[in-house]
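**Q** Okay, here's the prediction I keep looking at, along with the sequence it came from:
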Amino acid sequence: MKKTIVANWKMCGTPESTKLWAQEFSSKSANIPTNNKIVVCPPAGLINLLKNALTENKPDLGGQDCHAQPEGAYTGETSAELLKSLGCEYVIVGHSERRTNSNETSETVRQKASRAIKSGLIPIICIGETSKQRENGKTLEIINQQIEESLPFEANSNNFILAYEPVWAIGSGKLPTMDEIKQVHSAIINNVARRIAIDVAKVCVLYGGSVKPDNAGEILSLPEVSGVLVGGASLKAEDFVKIVMSCKY
Ligand code: PEP
C-alpha cells in the first residue's frame, strides 16, 4: 500500500541549513522506495530555495498554512495561490499549533482547506485531541466534531488528506499505543467515508506526533495508517530519510 510521508519543518531553517538538508536528502535517498509519496513543508520563505537545491529523488513540496482568501490586505499571511505558483502540491491546515496559538477554529480550517482545493492544492487537515480531552474519554467525540466542522464541502475521494495528531503527542516524545492509533484511525476513516459517501479505502489518514526513525516502521505497518506527518525528526535529513526507508509496506 502506498504511504505518504510528510515533513513539517515548522518555523525552523535558514537558507544555509536548507541547502545542507537538500544535499543530504539527495545523497542519502538513492534507495528510498519509489512507490511512496514524500512531501516536505518548509517555511514559506524557503520553498523556492529548497526546490532549487534538491537534485535527486525530489520530494513534493507543501506549505504549512494558507489564508482562506485568495489575496488581499492580510499582512503576514500566505495565499494558497502563491504556494501553488511556488511549486507546492500540498498545504497543512489546522495544525494544533495554529489552532492553539492563533485561535483558529475548525470553521476557519474548513475555509482554508476549501481555498487550498480551489487553488489546486491538497490540504492536509490536522485533527486531534488534547491530553485533557483524552483523559476525559472524549477522544472520538472531539475527532468526530473536528471532522464535521473542518472538512471542506468540496471534499471528494482524492482531493484532501487528514492527519490525526494527538496534541499531547506533538513534540513530547509520547505516543499512543498502536491499538489506540488503529482505533482512532478506523473511526476517522469510517466517519469520513460515510460523510462524503466514498469507499473506506479512499480515505487517507496520516498519523503525526513524535514519529522518529525508531518507531516509524511499526506505525507505518498499520493498514489504517496511510502515512506519517513528521515534525522535529524531519529537520535532520538523515533522520527523515531513515523514516522514509522504514516504510516497507
Ligand atoms: C507536527 O508538528 O506535526 C509533529 C507531528 O511534530 P513532532 O513530530 O515533532 O511531534
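**A** It's in. Residues are numbered from 1 along each chain as shown.
**Q** mean confidence for stretch 16-24?
**A** In this model, stretch 16-24 carries a mean pLDDT of 97.
**Q** how many neighbours does residue 52 have?
**A** Neighbours of residue 52 under the rule other C-beta atoms under 10 Å: 12. Just so you know, the C-beta spots here come from the backbone N, C-alpha and C atoms, and that holds for glycine as well.
**Q** Sticking with it, tell me its helix or strand.
**A** Using DSSP states H and E, residue 52 falls within helix 47-53.
**Q** Flag every buried residue along that helix.
**A** 47, 49-51, 53 (16 or more other C-beta atoms under 10 Å).
**Q** For it, which outside residues touch it?
**A** With C-beta atoms under 8 Å, 6 or more residues apart in numbering as the contact definition, helix 47-53 has outside contacts at 15, 18-19, 21-23, 40, 42, 61, 63, 83, 86-88.
**Q** I'd like those residues as a markdown table, with distance to residue 180 and neighbour count appended.
**A** A markdown table is the format used below for these (distance: C-beta to C-beta, whole Å; neighbours: other C-beta atoms under 10 Å):
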| residue | distance to residue 180 | neighbour count |
| --- | --- | --- |
| 15 | 40 | 12 |
| 18 | 35 | 23 |
| 19 | 39 | 16 |
| 21 | 32 | 25 |
| 22 | 36 | 23 |
| 23 | 38 | 15 |
| 40 | 28 | 29 |
| 42 | 31 | 26 |
| 61 | 32 | 21 |
| 63 | 30 | 27 |
| 83 | 33 | 26 |
| 86 | 37 | 15 |
| 87 | 37 | 13 |
| 88 | 32 | 26 |
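**Q** and those, which two are the farthest apart?
**A** With C-beta to C-beta as the measure, no two of those lie farther apart than 23 and 83, at 24.0 Å.
**Q** which element follows the helix holding residue 52 toward the C-terminus?
**A** Next element after helix 47-53 (DSSP H and E): strand 60-63.
**Q** Quick check: residues of the chain near the ligand?
**A** 8, 10, 165, 170-171, 208-211, 229-233 (C-beta under 6 Å from any ligand atom).
**Q** now with 5 Å?
**A** Contact residues, the chain versus the ligand (C-beta under 5 Å from any ligand atom): 8, 170-171, 208-210, 229, 231-232.
**Q** Looking at those, spot the one nearest residue 141.
**A** residue 209 (19.0 Å).
**Q** Leaving out chain neighbours, which residue sits closest to that closest one?
**A** residue 169 (2.9 Å; C-beta to C-beta, 6 or more residues apart in numbering).
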